[in-house]
Each structure stands twice: as C-alpha cells, then as structure tokens.
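# What follows is a predicted protein model with its sequence.
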Amino acid sequence: MKLLFCCHDFGRENLRLMPWRYIYEVAKGLVRRGHQVSLISLASPRARETDHLDGITVCSLDKKELFGGRTFKEIVSGAERIVWSASPLTPFYYKKLKQLQCPLLLLFTGPFYTLRELFKAQRSGVPWRQLGTHWRQGLVPLQLTARLLEAGFVNGAVVLSHKNAQILGKYRCGNRKITVIPPGCDSRKGREGRDISPVEAREGLSLPKDGKILTYLGSLYQIRGLHVLLEAFAAAARRMPDVLLLVLARTNNRSEIDALKNRVARLGIAGRTIIVPSLLGKEQVYHYLAASDAVVLPFILVPSDMPLGALEAMALGKPVIATAIDGLPEMVAERGLMVPPGDAPALAQALSAMVRDERLYASFQANCLRFMENYPTWDKITEKFNAIIGSNI
C-alpha cells in the first residue's frame, strides 16, 4: 500500500525527539512490512529537498505549499492512505482535507491542555514563545475536532495516551474511531547486547562510585521545569548529603549553559550538580541512565505527549519522579512518584523520599522492571498501527 505521512519539521536532526521519533519508528516499521512510505515535512522557510531514510522518501516543502503547489499535489495524488499529524488546529483545514479524496488517519502526538493549565504554566514563568502554540490550540473548542473525527473521509484517529482518548471521548467523537497506541521502547540493553551495571556505567563516565544520582534529561526550556527541580534540589540537598543531580542538558548553546551554571551557583548546589551539555547519542543516554538511581521529569507542561525519557529509565529499572500532567500519571503510575507541576516544595519531598526510603525505592524498581518486561517494542507498536491502516473503520 502507498502510504503518506504529513507532519511539520521532520528531519534527521529530530529523529531522537518526540513526536518525530514516533513517526519515524512507525514509518520505517511499515516499510519493513512491505508498504511504500512517503513523508511530507512542512517548515518555513525550507528549500525544497528530498531525502531517503530507511526506505522512507522524505520531501521537505515550505509550509506555504500545504494544499497547494504541484509537488504537494503530486505526492498526495499517489497515496492510498494518509497519516496526518493532527492537533486542535487541524479542523480549520476541514474542507482542504476533504478535497484530498484519500482516506485519512489522524495522529495526535500532542496533549490537549485546558485554559486553566495554560494560565498556571504562564504564571509559573514559562515564556510566551514556549506557550504560544499551546495557547492557540487551547483556545480552539474541541467540538471542532469532534466534528472532523466524525467526517466520512476520516478513517480513524490515533492518540498516545488514554487521557487524551478520554478527553476526546467527552466530546462524543465516536470512540470507535479512537485508538490508543503509545510510543514503543527498545532500550532495554546497551550496544554490547547486555545490561550495564551502575558501577560499570559510572566508571565509564567518570562519575562518583558512591552516593545516589538523580538525573534530569531534556532541554533547558522553562516549560520542562528544570528551574523548579533546581530549587527543589537545593532545598532537599541538605537532607541528602550523598546525592548528586545530573543534568543532561540537550543544548550546545553556551549562553544557556552559562546561565544554568550561574543559577546552580546562586542556589549553592554547584558542588552537587553535574552538567553534561549537547544532544547525546542513544548509547550515551543509555549509559547515563544506567549510572543513575532515578530520573526526574519536572514538566510544567509536556510539549509532546508521553515523553520517552520515562520509558527509557523504567526499562533499566530506574524509578521516575514526574509531574501529574498530560499522560505522565498513567505512564509512571506505581513506578515512581507524582507531584503537582511547578510545586518545588512537593518535588523536594519526593526527591528526599526516593533516596531515603529504601523499601519504597525497591518497590518502584521492581515495578519498573515488571512493567517494562512486557511493554511493547516499536515493532509491536507498528503492528498495531498497521492494523489500523489496513482496516475500514
């Protein structure tokens, strides 16, 4: 079958990040199942170019060419199914999508936030440039998404979390059209094909052999809540003299790193914080996670649904401390601790409990390994996606 994916800003530099990782893993898995897969990546400004990636033909177009331009129309005309990366803004393209005259599968890889959640995030100091897209989406009534889902040319919709399925279900979107397919996880072992012990990982990374290590991985944007984590760690560090905070900062921007170091120094935790800059490779992240005792994801808002960091940590038996936002509660559940977003005192208590309560930690660790033992791989996730594409919902 000739399949076409359509999304924004897909590129080799984004393949380890959500939501592009999800699209990439599913698309290449469908190629292995015999489908002919193309992908339109929209950006602005973007020179028109074509790339071939694991059997996927990727055509990058300026977003001004969406629904117009000869190249866009030619690619769409050859498709038998279209997987459209959707959001609450997608219903504004209702007529244009209908005119494509091709069965459509909507893929929602982002969360649905309420206005209250957005106001709270803004009050916590998250700048507009990180909230603008969420505000534009949040101001659009989900009844419009419900109307789009009920359209005859839409075969179905895929969401990544049960929470988002429930949100859409409240608007009577036709639950028969909504399928939950979470991201997969294949990172149970390192490149060596075996588990790496924490001691071995720490030796290889020149990290302290003794004490506990709490790890943050992600960008330095305020929307991810690192500033809250630093404040919480500074408050809890006095009760945890043998604990280090490891920050895997996803940036090479010198000014951002310097600002982070200055903030750490002002909080008095410079000697307790290790900062690792740059976008690390998959194997490097694996080793840092193996060296850690727990992972902290202090999101104010989750930019893309169901962050992979939690899965990658739990696959190695590392409990997670996360904020109760989007699909994180169902992802972490009894495999870690949940705190309200932006609540530094609550996060400080959670950090302390994770490292001081050995029985609680052991329970979380066992739950992580038990849960991830049967968690679907990307290949299993693709199998579910393939079934949806081949059905006539």
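Okay, I see it.
# Which of the residues in stretch 198-210 are classified as buried?
Buried residues in stretch 198-210, counting neighbours by 16 or more other Cβ atoms under 10 Å, are found at 198, 201, 202, 207. Where you see a C-beta, it was placed from the backbone N, CA and C, and this is true even at glycine.
# now swap in stretch 306-325 and tell me
By neighbour count on 16+ other Cβ under 10 Å, the buried set for stretch 306-325 is 306-323, 325.
# Check what pLDDT residue 160 gets.
Note for residue 160: predicted pLDDT of 95.
# wait, it sits on residue 330?
No: using Cβ atoms under 8 Å, residue 160 is not in contact with residue 330; the gap is 10.5 Å.
# who has more neighbours, those two?
Comparing residue 160 with residue 330 by other Cβ atoms under 10 Å, the one with more neighbours is residue 160, at 26 against 13.
# which residues does the more buried one contact?
By Cβ atoms under 8 Å, 6 or more residues apart in numbering, the contact list for residue 160 reads 22, 108, 109, 180, 181, 182, 183, 305, 306, 327.
# what about the helices in the stretch 151-300 of the chain?
Using DSSP state H, counting those that start in this stretch, the helices of the stretch 151-300 of the chain run over 162-170, 198-205, 226-236, 254-266, 282-291.
# what's the most buried one of those?
Greatest average neighbour count among the helices of the stretch 151-300 of the chain goes to helix 226-236 (a mean of 22), per mean count of other Cβ atoms under 10 Å.
# what helices or strands is that one leaning on?
In terms of contacts (3 or more Cβ pairs under 8 Å, 6 or more residues apart in numbering; DSSP states H and E), helix 226-236 is packed against strand 212-218, strand 243-249, helix 254-266, helix 344-356.
# TSV for the ones you listed, including mean pLDDT and distance to residue 91?
Listed next are the helices and strands packed on helix 226-236 as TSV, based on pLDDT from 0 to 100; distance: least, Cβ to Cβ, whole Å:
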stretch	mean pLDDT	distance to residue 91
strand 212-218	96	31
strand 243-249	96	37
helix 254-266	95	36
helix 344-356	96	37
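# Rebuild the ones you listed as JSON lines, extending it with distance to residue 338.
Output for those, formatted as JSON lines (distance: least, Cβ to Cβ, whole Å):
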{"stretch": "strand 212-218", "distance to residue 338": "16"}
{"stretch": "strand 243-249", "distance to residue 338": "19"}
{"stretch": "helix 254-266", "distance to residue 338": "25"}
{"stretch": "helix 344-356", "distance to residue 338": "8"}
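# closest one to residue 293 among these?
Smallest distance to residue 293 across the helices and strands packed on helix 226-236 (Cβ to Cβ): 4.6 Å, for strand 212-218.
# Kindly export stretch 62-69 (C-alpha atoms) in CSV.
Output in CSV follows, covering the C-alpha atoms of stretch 62-69 (Å, rounded to 0.1, in the frame of the first residue of the first chain):
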residue,chain,number,x,y,z
ASP,A,62,7.7,25.2,2.6
LYS,A,63,4.6,25.2,4.7
LYS,A,64,3.1,27.7,2.2
GLU,A,65,2.8,24.8,-0.2
LEU,A,66,0.4,23.0,2.1
PHE,A,67,-2.6,22.0,-0.1
GLY,A,68,-1.1,23.9,-3.0
GLY,A,69,1.8,23.7,-5.3
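# can you give me the offset of that stretch from its chain's centre?
Put simply, stretch 62-69 sits 27 Å off its chain's centre (Cα atoms, centre = their mean, to the nearest Å).
# May I see the buried residues of stretch 358-377?
361, 364, 365, 367, 368, 369, 371, 372, 375, 376.
# what residues does that stretch touch?
For stretch 358-377, the external contacting residues (Cβ under 8 Å, 6+ apart) are 182, 184-186, 188, 293-294, 311, 313-320, 333-337, 353-355, 384.
# sorry, back to before: quick check: the farthest pair among the buried residues of stretch 198-210?
Between any two of those, the greatest separation by Cβ to Cβ is 9.3 Å, found for 198 and 207.
# So, low pLDDT: which residues of the chain?
Scanning the chain for pLDDT under 70 picks out 46-47, 172-175, 187-194, 391-393.
# and the residue of it most remote from its centre, what does it touch?
Most distant from the centre of the chain: residue 70, at 33.5 Å, with distances by Cα atoms, centre = their mean. Residue 70 makes contact with no residue, according to Cβ under 8 Å, 6+ apart.
# if I look at it, how far off is residue 38?
Going from residue 70 to residue 38 by Cβ to Cβ, to the nearest Å gives 16 Å.
# Can I get the buried residues of stretch 358-377 in CSV including secondary structure and distance to residue 80?
Listed next are the buried residues of stretch 358-377 as CSV, based on DSSP: H, G, I helix; E, B strand; the rest coil; distance: Cβ to Cβ, whole Å:
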residue, secondary structure, distance to residue 80
361, helix, 51
364, helix, 46
365, helix, 46
367, helix, 43
368, helix, 41
369, helix, 42
371, helix, 37
372, helix, 36
375, coil, 31
376, coil, 26
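# Looking at those, which is nearest residue 104?
residue 376 (24.7 Å).
# for residue 266, what are its contacts?
Counting by Cβ under 8 Å, 6+ apart, residue 266 touches no other residue.
# Quickly note the distance from it to residue 133.
Counting by Cβ to Cβ, the gap from residue 266 to residue 133 is 31 Å.
# How about residue 237?
Relative to residue 133, residue 237 is positioned 35 Å away (Cβ to Cβ).
# Residue 301 contacts residue 328, doesn't it?
No: using Cβ under 8 Å, residue 301 is not in contact with residue 328, being 10.7 Å away.
# quick revisit: now that we have the buried residues of stretch 358-377, can you turn them into CSV and tack on distance to residue 27?
CSV is the format used below for those (distance: Cβ to Cβ, whole Å):
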residue, distance to residue 27
361, 38
364, 34
365, 34
367, 32
368, 29
369, 30
371, 27
372, 24
375, 21
376, 17
